[in-house]
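[1] structure of the sequence below:
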Amino acid sequence: MRHVGTRHAQPAYLEAFTVIVSRIEQSLKAAGTKPREPVRMFVAGGAALHFYTGARISEDIDATFSKRVILPRDLEVAYRDGDGSPRLLYFDRQDNDTLGLLHEDADTNSIPLDLDRIDRKVIDVRLLSPVDLAVSKLSRFEGQDQDDIRALAAAGLLKVAEFRRRAEEALATYVGASDRVQLSIKLASKLISQAAPSDSSPRRAKHR
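    So this is what the prediction gives:
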């Protein structure tokens with residue numbers, strides 16, 4: 001199984017992210033029960049984008065879990081970025097993946113993230129795959145979402161045909177008016193075609 005490395009992430013951000021995950025890990029250990037399998041943490045949004053591409057730094061971590069989890073209270077970390085500017089990273093407790101577009105197999109197709117000092121037998125941190133991350137941007141599809149899709153495409157992580165197929169499969173499981181999302185799929189496909197490297201073979205994030 002391929003994993004996602006952390007070479008694209010800014011070191012200070014990576015450390016802050018790891019600290020937050022470590023606090024969740026310690027809370028799970030302190031519960032005194034040993035699950036048969038690790039709790040899986042599925043990371044989306046700007047955090048996943050940063051690990052894939054090194055693009056924008058998000059202040060919040062959007063993630064869901066494979067089990068119902070009682071999170072510890074202190075899930076924010078203050079740090080300084082590479083320029084010395086003060087930053088804050090926090091876990092978004094309000095994130096809800098049922099309101100946006102997401103493929104029903106997104107969790108199954110997520111990719112493990114290599115994090116030092118984290119016991120994967122306790123908490124298995126995973127990123128939405130690049131194509132599922134792009135699909136998740138379609139419901140809102142504002143300027144930042146479009147930039148995120150461009151960044152994934154420029155990194156060679158998206159193919160138009162795969163993206164369209166995945167988005168249309170995801171949309172088929174939703175109810176409600178879909179005209180706006182259908183238009184977003186068309187516009188996003190154009191963005192991917194324009195931003196993708198001339199070499200059509202994807203340069204995937206470091207796996208090992």
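[2] gap between the helix or strand harbouring Asp147 and the chain center?
    If you go by DSSP states H and E, Asp147 is part of helix 143-154. Distance, stretch centre to chain centre, for helix 143-154: 13 Å (CA atoms, centre = their mean, to the nearest Å).
[3] and stretch 54-71, by the same measure?
    For stretch 54-71, the distance to the chain centre is 8 Å (CA atoms, centre = their mean).
[4] contacts for it?
    8-10, 13, 17, 20, 24, 27-28, 31, 35, 39-47, 49-50, 81, 87-93, 95, 97, 107, 144, 147-148, 151 (CB atoms under 8 Å, 6 or more residues apart in numbering). C-betas here are computed from N, CA, C, even on glycine.
[5] list the ones among the residues you listed that fall in strands.
    Using DSSP state E, the members of the contacts of stretch 54-71 that fall in strands are 39-44, 87-91.
[6] which residue sits farthest out from the middle of this structure?
    Gly32 (29.3 Å; CA atoms, centre = their mean).
[7] how about the helices in this protein?
    All helices of the chain, identified by DSSP state H, fall at 11-30, 45-53, 130-135, 143-154, 160-171, 179-195.
[8] need those in CSV with mean pLDDT, mean neighbour count and distance to Ala63, can you?
    CSV is the format used below for the helices of the chain (pLDDT from 0 to 100; neighbours: other CB atoms under 10 Å; distance: least, CB to CB, whole Å):
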stretch, mean pLDDT, mean neighbour count, distance to Ala63
helix 11-30, 96, 18, 9
helix 45-53, 97, 24, 8
helix 130-135, 98, 26, 12
helix 143-154, 98, 20, 16
helix 160-171, 97, 18, 19
helix 179-195, 97, 16, 23
